[in-house]
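Student: with the sequence up front, the predicted model follows.
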Amino acid sequence: GMQNLAKVVPTDTKVWFIDQFAQAGYKSIEVTNFGHPRFLPQSRDAEEVLKRASELRSIKDKGIQLKCYGMTRAAFERAAECAQKGFAPNSVAFTISAEDLHCRRNAGRTRAEYLKEIPEFVKIAKANNFEIDMALACVYGSPIAGPVPIENTIELMERGLDMGIRKFTPCDTTGESNPR
């Protein structure tokens, strides 16, 4: 949620929070986003945050997994550069929506357009020894289009599996998951 803050959070503060989460016992921590700095000024220090997080004793001693976000090939390439410099994330997640209008607003492309790019993400991740986490937005409903057929989510997961992705994060974007 930091991407929406008007004031940029200092790198030292971000690293302090990561350390606090590690000391609190979290096993996996999302540390940064490799989105374009023009669109995500909060993450313009992504490489520095990841580097410093990977050097924290609280992370090293407990084997905590460091997760980053990236929605484009350029973002995955930035994560790969970090891996090549010795501070790889354990995984890089990207979000694809189960509904096209939301996908276009969130990722700038439809599901079909996005699916064409994902094999390149997989290739970059494999070459640099980090996993991919396919986050699936709008698995129950879209804030733009309303209810979303569960078949859309299943199709995306099947396509991801076919591409070699093994980690999935279904997201209840609109808060519709309930006991009913």
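Tutor: Noted; the coordinates are in hand.

Student: which parts of the chain are helices?
Tutor: For the chain, the helices defined by DSSP state H occupy 11-23, 46-55, 57-62, 73-84, 100-107, 111-127, 150-163.

Student: so where's this structure shaky on pLDDT?
Tutor: For the chain, applying pLDDT under 70 flags the ranges 1, 180.

Student: do that again at 90, thanks
Tutor: The model of the chain has pLDDT under 90 over residues 1-7, 36-40, 60-61, 106-108, 145-146, 172-180.

Student: from residue 110, how far out is residue 17?
Tutor: 35 Å (CB to CB, to the nearest Å). Backbone N, C-alpha and C define where each C-beta goes, glycine included.

Student: and what of residue 174?
Tutor: 19 Å.

Student: same question for residue 123.
Tutor: From residue 123 to residue 110 the distance is 22 Å (CB to CB).

Student: what do you get for residue 78?
Tutor: Taking CB to CB, one finds residue 78 at 24 Å from residue 110.

Student: which one's more surrounded, the two?
Tutor: For residue 78 versus residue 110, the count of surrounding residues by other CB atoms under 10 Å is larger for residue 78: 20 against 15.

Student: tell me the contacts of that one?
Tutor: 34, 46, 47, 70 (CB atoms under 8 Å, 6 or more residues apart in numbering).

Student: need the max-distance pair from those.
Tutor: 47 and 70 (12.1 Å; CB to CB).

Student: which one of those two has more residues nearby?
Tutor: residue 70 (26 against 18).

Student: the closest residue to that one other than its chain neighbours - how many residues pack around it?
Tutor: Leaving aside its sequence neighbours, residue 70 sits nearest to residue 34 (CB to CB, 6 or more residues apart in numbering; 4.2 Å). Residue 34 has 27 neighbours, counted by other CB under 10 Å.

Student: right, and residue 34 touches residue 68 too?
Tutor: Yes: the pair residue 34 / residue 68 is scored as a contact, 6.0 Å apart, by CB atoms under 8 Å.

Student: what touches both of these two?
Tutor: Common neighbours of residue 34 and residue 68 (CB under 8 Å, 6+ apart) are 46, 79, 92.
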